[in-house]
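A.B. asks: sequence and computational prediction follow.
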Amino acid sequence: MIEAAAHTVDRRDRMVILASSVGTVIEWYDFYLYGSLAAIITAQFFSGVNETTGYIFALMAFAAGFAVRPFGAIFFGRLGDLWGRKNTFLVTMLLMGLSTFVVGLLPSYAAIGVAAPAILIAMRLVQGLALGGEYGGAATYVAEHAPPGKRGFYTSFIQITATAGLMLSLLVILGVRTAVGEEAFKDWGWRIPFLVSILLLGVSLWIRLKLAESPAFARMKAEGKGSRTPLKDSFGKWPNLKIVLLALIGLTAGQAVVWYTGQFYALFFLEKTLKVDGPLANILIAISLLLATPFFVFWGWLSDKVGRKPIILTGCLLAALTYFPLFHALTGAANPQLAAATASAPVSVHADPADCALQFDPVGKTVFDSSCDLAKSYLAKAGVSYANVTAPAGSTAEVRIGVVVVPGFDGSDLPRPDFKTRKTEWETGLGSALAIAGYPAKADSALVNKPMVVAILFLLVLYVTMVYGPIAAALVEMFPTSIRYTSMSLPYHIGNGWFGGFLPTAAFAMVAATGNIYYGLWYPVVVALVTVVVGFLFVRDRKDVDLHA
């Protein structure tokens, strides 16, 4: 058993960890700028569609970067196993930095029309491909330098980088917002954090160019034991493919949804649903990240003693069991007026289901003018949770706020000018009824219980540190050196790119469809529970395996 005091890092290894970590921090910084600024991106690049659709589109463009990550993992993983760890993640970092810089220069929808979102999504795809190759290279490189019994500890520093990149993006955004003012930031200041990335890219490249190749890879090449067909050896042979699938379902899928719920969906929930002021939400998230970040290293260190699997699966289980009460508590702490109004005057929409359409318009041309659609559209935009109640066929929808009834109207037969006038009058009346019932238009920053919000966010991020701290070591240990980069990258990026990356989009769409602001939590809860079951039954812990064998 290795004692805690033995978990130190010598000078050579500090350079390996620093160079790998700094570059990865900057890549995550680039990637997360987009997610942190989703609301502003909506206004800048998706202004041609309605508000709800625009936000979903912005989240979809965010998710597009995740969708291609597995393809980046396959492409760059193969290069990493053929060409070397160091050279491959130099290329991925260069692609990431340049694509982020381009976003900072990109004209808005108002300036160049549909070309703006098209180019934006193209840059997101480049980012996703690059990130798909980055993580596997950095994690493999550090793990192959780590002494026996210290892999969890060494690779935990790589695990900090994602959170550090998010925190750095939040701090830069907050600093620019404070310096230029909120209006200027929404107009042009949001570009500055994207443009700054070119400076960070230069620093990172300079540091990484000082690295040598990993000893395990160099030894393998010298002995002529490398794989000539890493894709075939990784995914075309059942013994290794089976391990890839177990790594995905039994480890990374649950890790991913816990990670994105704790760090991204929590931010979306604060800003979009609870209507907390953007800068304040960024500050609260940043504080919670700062407090929780050391636990990445703690869980990585502990995993060298007790194994990776127990810690990861415990984090998934705790998250699944507590997400609903924690997010209810977050509502009460961040927007107590909303929580009080929801309890004292619950809202319900009584409508004929045939009168209700899916609130999603890809081209921005559909006019949602039925009584049901008008009611749900307004409530979704206002962040008000509501219950759906079936009304008799052919009836006009009505919104009930406690005992107060606000009748709806059907605008399908009205001329467009009359419809707009009638809609404005009706929304004004509904807004007044909600305000009288205590529903706030936005969270009052003075009433936000900031210590409690930070405590809840800290607990959410603590779960993140449990599942993410040991994951790099766990994945590296599952595969041989000759195909390690390729084999570990794919399950990691399918888990984090697809299961995790689509979480904000899927959860928000689930909320918009049901009217229940907590309904989207079922997504991470179910995935995390599946990982607990599969991981417990089928995944074998390999913390003591020799990576050089």
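C.D. replies: Perfect, I can see it now. Remember, it's a predicted structure, so these values are computed and weren't measured experimentally.
A.B. asks: make it CA atoms for all contacts and neighbour counts henceforth
C.D. replies: OK.
A.B. asks: quick one: low-confidence residue ranges for the stretch 251-400 of the chain.
C.D. replies: 358-368 (pLDDT under 70).
A.B. asks: let's see it at 80
C.D. replies: For the stretch 251-400 of the chain, the stretches flagged by pLDDT under 80 are 357-368, 380-381, 383.
A.B. asks: model confidence for S20, exactly?
C.D. replies: The model reports S20 with a pLDDT of 74.
A.B. asks: how many other residues sit next to it?
C.D. replies: For S20, the neighbour count with other C-alpha atoms under 10 Å is 27.
A.B. asks: tell me how many other residues surround the nearest residue to P230 once chain neighbours are set aside.
C.D. replies: Take P230 and drop its neighbours on the chain: the residue closest to it by C-alpha to C-alpha, 6 or more residues apart in numbering is I483, 5.4 Å away. If you count neighbours by other C-alpha under 10 Å, I483 ends up with 24.
A.B. asks: wait, Q263 touches V461, no?
C.D. replies: Yes - counting by C-alpha atoms under 8 Å, Q263 touches V461, with 6.5 Å between them.
A.B. asks: the more surrounded of those two?
C.D. replies: With neighbours defined as other C-alpha under 10 Å, Q263 and V461 compare such that V461 has more, 29 against 23.
A.B. asks: phi first, then psi, for that one.
C.D. replies: V461 has phi and psi values of phi -70, psi -30 when expressed as degrees, to the nearest 10.
A.B. asks: quick one, what contacts the nearest residue to Y109 once chain neighbours are set aside?
C.D. replies: Ranked by C-alpha to C-alpha, 6+ apart and with sequence neighbours excluded, the top spatial neighbour of Y109 is F45, at 4.7 Å. F45 sits next to S108, Y109, A110, A116, P117 when contact means C-alpha atoms under 8 Å, 6 or more residues apart in numbering.
A.B. asks: at 6 Å instead, please
C.D. replies: S108, Y109, P117 (C-alpha atoms under 6 Å, 6 or more residues apart in numbering).
A.B. asks: any idea how far V389 is from T100?
C.D. replies: To V389, T100 is 46 Å away according to C-alpha to C-alpha, to the nearest Å.
A.B. asks: who has more neighbours out of those two?
C.D. replies: A direct count of neighbours by other C-alpha under 10 Å for T100 and V389 places T100 higher, at 27 against 14.
A.B. asks: how about the secondary structure of that one?
C.D. replies: helix (DSSP: H, G, I helix; E, B strand; the rest coil).
A.B. asks: again with A357
C.D. replies: Per three-state DSSP, A357 ends up coil.
A.B. asks: burial of it, as a residue count?
C.D. replies: 14.
A.B. asks: go on, A329?
C.D. replies: For A329, using other C-alpha under 10 Å, the count is 17.
A.B. asks: offset the numbering so it begins at 2, please.
C.D. replies: OK, 2 is where the count begins now, so the last one is A330.
A.B. asks: for the closest residue in space to it that isn't next to it in sequence, grab the count of nearby residues.
C.D. replies: Nearest non-adjacent residue to A330, counting by C-alpha to C-alpha, 6+ apart: I457, 7.8 Å away. Neighbourhood size, I457 [other C-alpha under 10 Å]: 20.
A.B. asks: out of the contacts of F46, who's the most crowded?
C.D. replies: P118 (24 neighbours).
A.B. asks: now that residue: how far from I250?
C.D. replies: 33 Å.
A.B. asks: ok, back up a step: can you tell me the helix or strand for the residue nearest to A330?
C.D. replies: Secondary structure from DSSP states H and E places I457 in helix 451-469.
A.B. asks: elements contacting that helix?
C.D. replies: With contacts taken as 3 or more C-alpha pairs under 6 Å, 6 or more residues apart in numbering; DSSP states H and E, helix 451-469 sits against helix 254-261, helix 279-293, helix 295-307, helix 309-335.
A.B. asks: for the third one, which outside residues touch it?
C.D. replies: In this structure, residues lying in contact with helix 295-307 by C-alpha under 6 Å, 6+ apart are G150, G153, F154, S157, T466, M467, G470, P471.
A.B. asks: contacts only, for the fifth one.
C.D. replies: In other words, T466. Per C-alpha under 6 Å, 6+ apart, neighbours of T466: F296, F297.
A.B. asks: likewise for the first one?
C.D. replies: The neighbours of G150, taking C-alpha under 6 Å, 6+ apart as the test, are D305.
A.B. asks: tell me the pLDDT of it.
C.D. replies: pLDDT, G150: 85.
A.B. asks: rewinding a little: which element follows the helix holding I457 toward the C-terminus?
C.D. replies: helix 472-477.
A.B. asks: just how off-centre is that next one within its chain?
C.D. replies: 20 Å (C-alpha atoms, centre = their mean, to the nearest Å).
A.B. asks: so for it, what's the average pLDDT?
C.D. replies: For helix 472-477, the mean pLDDT works out to 90.
A.B. asks: tell me the mean pLDDT over the helix or strand that comes right after it?
C.D. replies: Sequence order places helix 485-495 as the next helix or strand after helix 472-477, per DSSP H and E. On average, the pLDDT along helix 485-495 is 82.
A.B. asks: what is helix 485-495 packed up against?
C.D. replies: helix 70-84.
A.B. asks: tell me the buried residues in the helix it packs on?
C.D. replies: Across helix 70-84, burial judged by 16 or more other C-alpha atoms under 10 Å covers 70-83.
A.B. asks: by contact count, what packs against that helix?
C.D. replies: helix 116-146, helix 485-495.
A.B. asks: now the angle from the helix or strand that the shortest one is followed by to helix 254-261?
C.D. replies: Moving toward the C-terminus from helix 485-495, the next helix or strand (DSSP H and E) is helix 504-515. For helix 504-515 against helix 254-261, the angle between stretch directions is 80 degrees (axes from the mean of the first three to the mean of the last three C-alpha atoms, to 10 degrees).
A.B. asks: CA-only coordinates of the helix or strand just after helix 504-515 in CSV, if you can.
C.D. replies: Next along the chain after helix 504-515, taking DSSP H and E as the criterion, comes helix 523-539. Provided in CSV are the C-alpha atoms of helix 523-539 (Å, rounded to 0.1, in the frame of the first residue of the first chain):
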residue,chain,number,x,y,z
TRP,A,523,-34.5,12.3,-15.4
TYR,A,524,-32.0,12.2,-18.2
PRO,A,525,-28.8,12.1,-16.0
VAL,A,526,-30.6,10.1,-13.2
VAL,A,527,-31.4,7.2,-15.5
VAL,A,528,-28.0,7.2,-17.3
ALA,A,529,-26.1,7.3,-14.0
LEU,A,530,-28.1,4.4,-12.6
VAL,A,531,-27.5,2.3,-15.7
THR,A,532,-23.8,2.9,-15.2
VAL,A,533,-23.9,1.9,-11.6
VAL,A,534,-25.5,-1.4,-12.4
VAL,A,535,-23.3,-2.3,-15.4
GLY,A,536,-20.2,-1.0,-13.8
PHE,A,537,-20.8,-2.9,-10.6
LEU,A,538,-21.6,-6.2,-12.4
PHE,A,539,-19.1,-6.2,-15.3
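A.B. asks: check which helices and strands helix 523-539 sits against.
C.D. replies: helix 254-261, helix 309-335.
A.B. asks: highest mean neighbour count out of those helices?
C.D. replies: Per-stretch averages of neighbours, counted by mean count of other C-alpha atoms under 10 Å, single out helix 254-261 among those, with a mean of 30.
A.B. asks: fine by me, we can end here.
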